[in-house]
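Trainee: I'd like to go over a predicted model; first the sequence, then the structure.
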Amino acid sequence: MSQRTEKVEKLIKELTANFLNKESTSASLISVTSISVSPDLKKATIFISVLPDSQEKTALLFAKRKRPEMREFLKKNMETKHIPFLEVEIDKGEKNRQKIDELLREK
C-alpha cells in the first residue's frame, strides 16, 4: 500500500469517526474500526462496530443514509482533489475478535 493511500485512509477514518460521533444519537456507540480505500482512491469502505449489538442494524442503516453528508464533510475537511465514494459495512473481524475475547474470559 502506498504512503498516500495510508494517509488518505487515516484521514478518512478520523473524519468519519468525528462525523458519526456528532451526527448519531446516544442510543448506540458507533466506532470506525478501519477504512479500506481502493488503489485509485475512488472508493472507500468504512468498517464500523456498534454497541450495543442490538442497535447494529439501525446504526448501519443510519450510517448508510448519512453517506452523502459524510462525503460533503470530507470535501470540506480534506485537501485532496477527489473525494472517494463511500460504503459502510459492519466490521466482522472486530466482531469475531470480541467474541473470541469473551470466550477466553469465560474459561
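Mentor: Arrived safely, thanks for sending. Numbers count the residues shown, from 1 in each chain.
Trainee: now do the helices in this structure.
Mentor: Remark: helices assigned in the chain by DSSP state H are 3-23, 56-65, 67-77, 92-106.
Trainee: residues contacting F85?
Mentor: Residues in contact with F85, defined by CB atoms under 8 Å, 6 or more residues apart in numbering, are K42, K43, A44, R71. Yep, even glycine has a C-beta here, placed from its N, CA and C like the rest.
Trainee: tell me which of the residues you listed fall in strands.
Mentor: Among the contacts of F85, the residues falling in strands (DSSP state E) are K43, A44.
Trainee: which of the contacts of F85 count as buried?
Mentor: Among the contacts of F85, the ones that count as buried by 16 or more other CB atoms under 10 Å are A44, R71.
Trainee: with respect to K107, which of the contacts of F85 is nearest?
Mentor: Nearest to K107 out of the contacts of F85 is A44 (CB to CB; 38.5 Å).
Trainee: can you pull the contacts of the closest residue in space to that closest one that isn't next to it in sequence?
Mentor: Distances taken as CB to CB, 6 or more residues apart in numbering place P84 nearest to A44, at 4.0 Å, with adjacent residues excluded. Applying CB under 8 Å, 6+ apart, we find P84 in contact with V8, I12, V37, S38, L41, K42, K43, A44.
Trainee: TSV for the helices of the chain, including mean pLDDT?
Mentor: Shown next, in TSV, are these (pLDDT from 0 to 100):
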stretch	mean pLDDT
helix 3-23	94
helix 56-65	95
helix 67-77	96
helix 92-106	83
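Trainee: quick one: closest of the ones you listed to T33.
Mentor: helix 92-106 (4.8 Å).
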